[in-house]
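J.: need a structure here:
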Amino acid sequence: MPMPSKPPPPLPTRDGVSASFVWVPEGYWENALEFLCDYFPEVSLETWTERMQKREVCDSNGHFLSPISQIKRGMCLFYYREIPNEIKIPFCEHILFQDEHLLVVDKPHFLPVTPGGGYLRETLLVRLKRRTQIDHLTPLHRLDRETAGIMLFSKQVQSRGAYQVLFQHQQIDKTYHALAPHLDHVSFPLQKKSRLVEGPQFFVMQEVPGEANSETQIHLLERRGAFSMYELRPRTGKKHQLRVHLASLGAPIINDTFYPIALPHGSDDFEKPLKLLAKSIAFTDPITGESRHFESQLTL
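T.: All right, here's what the predicted structure looks like:
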């Protein structure tokens, strides 16, 4: 049976970090401490005990839990996630525009949009929550950690759905710039279509035979010696779509650590950012009816 949707968090946002949560599944645990240690084996018993002593673990009603608190299936437990020795990202985001409903940001390379894995405070969302003090700030679309450029955030719960519909119905015009090897024997503009699926290697996509589920329009902007600047206009939004499409044409984006060959995890080199930039985004505002166009101030 699927768990219900997340209830409102009883723990406040702390320094830009919202409380994480976990649903208690079917099973038996003597108490809350035993469950948390079993469910999160990478977090020590001492750490969970300390969090409980600091009143940082509670149920959905805001009742703080002690190590011996009883739990049962279907309970939702809230807690503050922590990452010791989190890697610092030495690049800053820049707010380009904001009104009552939207916040538009230039995201730097290497900065994740949302918390996950080894990143929490060093994410665009947490940085912006801390900076704006807007607890319910929410990203409206995805952007790879390695990619820089335009990101849109919703500031209002009430209007969020109207903007999300634009992305779901592909009513957003997105343009990317990429620096990659020059393709001598390709005529531009080019419509690249293929079927993308999850590859056998973690987080890597691959092209396979079958009906196309991804499409990118590729234009040649300028030649730079052995490389060229390409303008990419995705018609679909598959994960890593632009990176896979260029790599499959024989022009992997400069400094791509996934395509055509995935390098070991943790191989970031801050001196060698992926040469991919979300350059602009345009749409008709569903609230005001205005034509919106936002352009990154970054360049490759």
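J.: which element is the residue nearest to T114 when sequence neighbours are not counted on?
T.: Excluding its sequence neighbours, the residue lying closest to T114 (C-beta to C-beta, 6 or more residues apart in numbering) is L125, at 5.0 Å. In short, each C-beta sits where N, CA and C put it, glycine included. For L125, the element it lies in under DSSP states H and E is helix 124-132.
J.: send the alpha carbons of that helix over as PDB?
T.: Extracted in PDB, the C-alpha atoms of helix 124-132 (Å, rounded to 0.1, in the frame of the first residue of the first chain):
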ATOM      1  CA  LEU A 124      21.100  26.200  -4.900                       C
ATOM      2  CA  LEU A 125      17.800  25.600  -3.100                       C
ATOM      3  CA  VAL A 126      19.200  25.800   0.400                       C
ATOM      4  CA  ARG A 127      21.400  28.800  -0.500                       C
ATOM      5  CA  LEU A 128      18.400  30.700  -1.800                       C
ATOM      6  CA  LYS A 129      16.100  29.700   1.100                       C
ATOM      7  CA  ARG A 130      18.800  31.100   3.500                       C
ATOM      8  CA  ARG A 131      19.200  34.200   1.400                       C
ATOM      9  CA  THR A 132      15.500  35.000   0.800                       C
END
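J.: mind checking how far that helix is from the chain centre?
T.: 14 Å (C-alpha atoms, centre = their mean, to the nearest Å).
J.: now for that helix, which elements pack on it?
T.: strand 102-107, strand 148-154 (3 or more C-beta pairs under 8 Å, 6 or more residues apart in numbering; DSSP states H and E).
J.: which SS class is E26?
T.: coil (DSSP: H, G, I helix; E, B strand; the rest coil).
J.: just checking, it touches R73?
T.: Yes - at 5.3 Å, E26 and R73 qualify as touching, with contact defined as C-beta atoms under 8 Å.
J.: more neighbours, those two?
T.: Counting neighbours by other C-beta atoms under 10 Å for E26 and for R73 shows that R73 has the greater number, 12 against 7.
J.: noted, bye for now.
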